[in-house]
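**Student:** Below are the sequence and a predicted model for it; my questions follow.
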Amino acid sequence: MRACVCPSLRHKDVCAVEMCVAEKFYYITLLRDPVSRYLSEWRHVQRGATWKTSLHMCDGRTPTPEELPSCYEGSDWSGCTLQQFMDCPYNLANNRQVRMLADLSLVGCYNMSTVPEKKRAQLLLESAKKNLRDMAFFGLTEYQRKTQFLFERTFRLRFIRPFMQYNSTRAAGVDLDNATVQRIEELNELDMELYDYARDLFQQRYQYTRQQERRQQRIKNHLQQSHQGLGLGVNLWPSHGRQSSVSTLEDGEGEREEREEGEEGGRTEEAGSRLPTEDYMNQIINRW
């Protein structure tokens, strides 16, 4: 299996990856808390980063300068203050996660005059939610261990070492007052809604997968005890999938993850019919 990174998605905090299994493509993505992601992109731009090589292709063409004006003059926007970053109405950092997950063709791509603003926002948000649901897998930056758990169970792979949860990021080091935080949340209103939705769905999938794993373990233990009582020494529970230079997760790691990360349960926005799981290795598909 190889990972094919989509060349149009270049920012480190918003990435979609095509998982290529037997020449069939599965899209996955990681979402991040919108305020932290926005601050991280500002820091990135402040150090001189640009997206000049990004074509922003939509419906077979790139946007015109009138459709997508630049926020700065010159070669880059290095040294810009957070206030300047927030003040640009054309800043693609605003609601970046929704825009990059949504089908822009529904709203005339980057032409803001084709659909009223309120309707445009609604269409983009619903499209982003749908595409997120339909992806083979998505994770959350703020929940590294649970993201690893779901990835490994979805694709029946194991990472060599457990993910680490780092909280001392550049975004975390920015000292903000309440008014600035509120302004960033307003600029990223759609991303805030998408992230709440994604967090709820993520928690549902995680809890469901944990419950299924525990249920299978109980059945396995019961069968082993029953056959031991009959004097049978045969392993009746073969392992599935494959491991590639991996270390398995120990029993009870899910509980440790919950204690370490201190996560909350989410609302039930998606019906149970949307829940796991999809066995990509064996091509036996049961939609989330």
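**Tutor:** Received the coordinates, thanks. Numbering: from 1, shown residues only.
**Student:** Bridge partners for the residue positioned nearest the centre of the chain, pull those for me.
**Tutor:** Most central in the chain under C-alpha atoms, centre = their mean is residue 30, positioned 2.3 Å from the mean C-alpha point. Judged by DSSP bridges, the bridge partners of residue 30 are residue 15, residue 139.
**Student:** begin at 5 from here
**Tutor:** All set: I'll call the first residue 5, so the last point we hit is now residue 34.
**Student:** Just to check, it is in contact with residue 143?
**Tutor:** Yes - counting by C-beta atoms under 8 Å, residue 34 sits close enough to residue 143 to count as a contact (4.9 Å). Heads up, the C-betas are built off the backbone N, CA and C, glycines and all.
**Student:** I'd like to know how far residue 51 sits from residue 219.
**Tutor:** For residue 51, the distance to residue 219 (C-beta to C-beta, to the nearest Å) stands at 49 Å.
**Student:** next one: residue 106
**Tutor:** Here residue 106 is placed at a distance of 36 Å from residue 219 (C-beta to C-beta).
**Student:** These two: which has the busier surroundings?
**Tutor:** Under the neighbour definition other C-beta atoms under 10 Å, residue 106 and residue 219 were set side by side, and residue 106 has more, 23 against 10.
**Student:** and the more buried one, what are its phi and psi?
**Tutor:** Backbone torsions for residue 106, taken as degrees, to the nearest 10, come to phi -90, psi 160.
**Student:** quick one on the thing from earlier: which neighbours do residue 34 and residue 143 share?
**Tutor:** Shared contacts of residue 34 and residue 143 (C-beta atoms under 8 Å, 6 or more residues apart in numbering): residue 151.
**Student:** which ones are touching residue 76?
**Tutor:** 84, 92.
**Student:** Work out for me the element it sits within.
**Tutor:** Using DSSP states H and E, residue 76 is not contained in any helix or strand.
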